[in-house]
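Trainee: Have a look; sequence and predicted model below, questions after that.
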Amino acid sequence: MQKTQLGSSDLQVSKICLGTMTFGEQNTEADAHSQLDYAYERGINFIDTAETYPVMPRAETQGSTERIIGTWLKKTGLRDQVVLATKAAGPNKSMSWIRGGKQNHDAANLRAAVETSLQRLQTDHIDLYQLHWPSRNVPIFGNNVFNPQHERASVAIEETLAALGELIKEGKIGAIGVSNESCWGVNQFTKQAEIKGLPRIATIQNLYNLTARHYETSLLDETCFRENVSLLAYSPLAFGQLSAKYHDDAKAHGRLTLFPPTWSPRYLRPAVLEAVARYARLAREHGLTPAQLALAWVYSRWFVASTIIGATTLAQLKENIDAFEIALPAEVIAEVDAIHASITNPGQ
């Protein structure tokens, strides 16, 4: 498995990262440990989680994913062999069970988030600590239009960086990153770090798949290239839609049928369904599965440092990892771009 350096940090990670948001909900602890074992055997040394996981978020299960990873680390003794990443929640009034619903990116909240994650993960340090979503008003999770009327009180970026800096000095966290961020946000994080001598972000974990290529057109690709911020692409299969399993069987078992449609409406939009049908047809015409096409395409993008994949079965995980070896012909890439041009970013 190829490795890559994350930003200006000293972290060397596999080009595939194991996403774990199903651990504790769709996957049992035994299932999760099997996935972790298999991923490690295949050369994946990068594990991503979050204090809010598993999904969909519930008070009864919150933190279970980190706890499951913690028991695996303790059982295997592989802590020093993996790069462990987790994330701190931003403001969200619907998640009242996380720090009393007052979660944010100030010093007190970040310290509390780090301490509880360390306990659940059964480790004394987190290699990559990320801000799951911004403190300020930003259109994310399917909202793709900025609305000033949604402005809210937020923690200043320099205050957040200073708080993270203290945690770095104490050895509790290593590199830092952002997630679900905008071009303006990345620029501000790097600018404030430079002006005030604060820690510099190494990564951005943002949505990127065949139905959501906004990263390419929002100036984020140029910004991150010039500021040396590495993209960790999440949801490469668009919650399973791009595997075409729901296209083939609307009642297929998975996130989009297990959870209420209000939780992930962007992947149920008519334009997404049309795009999925066209990508699936393209894949099958070239002897590929839809999942292979979707993943091989993301894996091949020059600006993707590591792709975060998730699975609920070992068979899915194997297919997802194996797709890394597929080189898409130029004609397939051209047809992908043609579909994108006619149905642009329906899943953004």
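Mentor: Looks like it arrived, so ask away.
Trainee: can we go C-alpha only for contacts and neighbour counts from here?
Mentor: OK.
Trainee: Return the residues in contact with the residue of the chain positioned farthest from its centre.
Mentor: Ranked by distance from the centre of the chain (C-alpha atoms, centre = their mean), the top residue is Glu285, with 30.0 Å. By C-alpha atoms under 8 Å, 6 or more residues apart in numbering, no residues touch Glu285.
Trainee: what's the pLDDT at it?
Mentor: Note on Glu285: pLDDT of 97.
Trainee: same check, this time on the one 10 residues further on
Mentor: Listed pLDDT for Leu295 reads 98.
Trainee: Over to Leu256?
Mentor: What the model reports as pLDDT for Leu256 is 89.
Trainee: again, but for Val276
Mentor: Reading off the model, Val276 has pLDDT 97.
Trainee: Distance from stretch 142-159 to the middle of the chain?
Mentor: Taking C-alpha atoms, centre = their mean, to the nearest Å, one finds stretch 142-159 lying 20 Å from the centre of the chain it belongs to.
Trainee: now swap in stretch 138-150 and tell me
Mentor: The answer for stretch 138-150 is 19 Å, by C-alpha atoms, centre = their mean.
Trainee: now swap in stretch 184-192 and tell me
Mentor: Offset of stretch 184-192 from its chain centre (C-alpha atoms, centre = their mean): 20 Å.
Trainee: re earlier: measure the residue farthest from the centre of the chain to Glu331 for me?
Mentor: With distances taken as C-alpha to C-alpha, to the nearest Å, Glu285 is found 12 Å from Glu331.
Trainee: same check, this time on Ala59
Mentor: As judged by C-alpha to C-alpha, Ala59 and Glu331 stand 48 Å apart.
Trainee: follow-up on the earlier one: quick check: the gap between the residue farthest from the centre of the chain and Ser9.
Mentor: From Glu285 to Ser9 the distance is 42 Å (C-alpha to C-alpha).
Trainee: Then Pro236?
Mentor: Note on Pro236: its distance to Ser9, by C-alpha to C-alpha, is 24 Å.
Trainee: between the two, who's got more neighbours?
Mentor: Using other C-alpha atoms under 10 Å, the more surrounded residue of Pro236 and Ser9 is Pro236, with 27 against 17.
Trainee: How about that one, nearest residue that isn't a chain neighbour?
Mentor: Excluding the flanking residues, the one nearest Pro236 by C-alpha to C-alpha, 6 or more residues apart in numbering is Asn209, at 4.6 Å.
Trainee: these two touch, right, Glu66 and Val114?
Mentor: No - at 11.7 Å, Glu66 does not count as touching Val114 under the criterion of C-alpha atoms under 8 Å.
Trainee: of those two, who's got more company?
Mentor: Legend: neighbour count by other C-alpha under 10 Å for Glu66 and Val114, higher for Glu66 (29 against 21).
Trainee: which residues are contacting the lowest-mean-pLDDT helix or strand in the chain?
Mentor: Least confident helix or strand of the chain, by mean pLDDT, DSSP states H and E, is helix 255-258 with a mean of 88. With C-alpha under 8 Å, 6+ apart as the test, helix 255-258 has contacts from 239-240, 251, 264.
Trainee: which of those sit farthest apart?
Mentor: Largest separation among the contacts of helix 255-258 by C-alpha to C-alpha: Lys251 and Ser264, giving 15.9 Å.
Trainee: who has more neighbours, the two?
Mentor: Neighbours around Lys251 and Ser264, counted as other C-alpha under 10 Å, are more numerous at Ser264. The numbers are 17 against 12.
Trainee: where along the stretch 101-250 of the chain do the strands fall?
Mentor: For the stretch 101-250 of the chain, strands defined by DSSP state E, counting those that start in this stretch occupy the ranges 126-131, 173-179, 201-207, 230-234.
Trainee: Tell me which of those strands lies nearest to Ile343.
Mentor: strand 201-207 (17.2 Å).
Trainee: need the helices for the stretch 201-348 of the chain, in chain order.
Mentor: For the stretch 201-348 of the chain, applying DSSP state H, counting those that start in this stretch gives helices covering 214-217, 220-227, 245-248, 255-258, 270-285, 290-300, 314-322, 330-342.
Trainee: Check these for me and report the most buried one.
Mentor: Highest mean neighbour count among those (mean count of other C-alpha atoms under 10 Å): helix 290-300, with a mean of 23.
Trainee: The nearest residue to Tyr246 once chain neighbours are set aside and Thr211: what is the separation?
Mentor: What sits nearest to Tyr246 in space, not counting adjacent residues and going by C-alpha to C-alpha, 6+ apart, is Ala252, at 5.7 Å. Applying C-alpha to C-alpha, one obtains 20 Å for the distance of Ala252 from Thr211.
Trainee: Comparing the two, which shows the higher neighbour count?
Mentor: With neighbours defined as other C-alpha under 10 Å, Ala252 and Thr211 compare such that Thr211 has more, 28 against 14.
Trainee: Let me see the contact set for the more buried one.
Mentor: Contacts for Thr211 (C-alpha under 8 Å, 6+ apart) come out as 238, 272, 275-276, 340, 344-348.
Trainee: So which of those sits lowest on pLDDT?
Mentor: Ranked by pLDDT, the contacts of Thr211 bottom out at Gln348 (87).
Trainee: how deep is it tucked in, by neighbour count?
Mentor: Neighbour count for Gln348, taken as other C-alpha under 10 Å: 22.
Trainee: If we ignore the residues flanking it in sequence, what's nearest it?
Mentor: Leaving aside its sequence neighbours, Gln348 sits nearest to Ala212 (C-alpha to C-alpha, 6+ apart; 4.6 Å).
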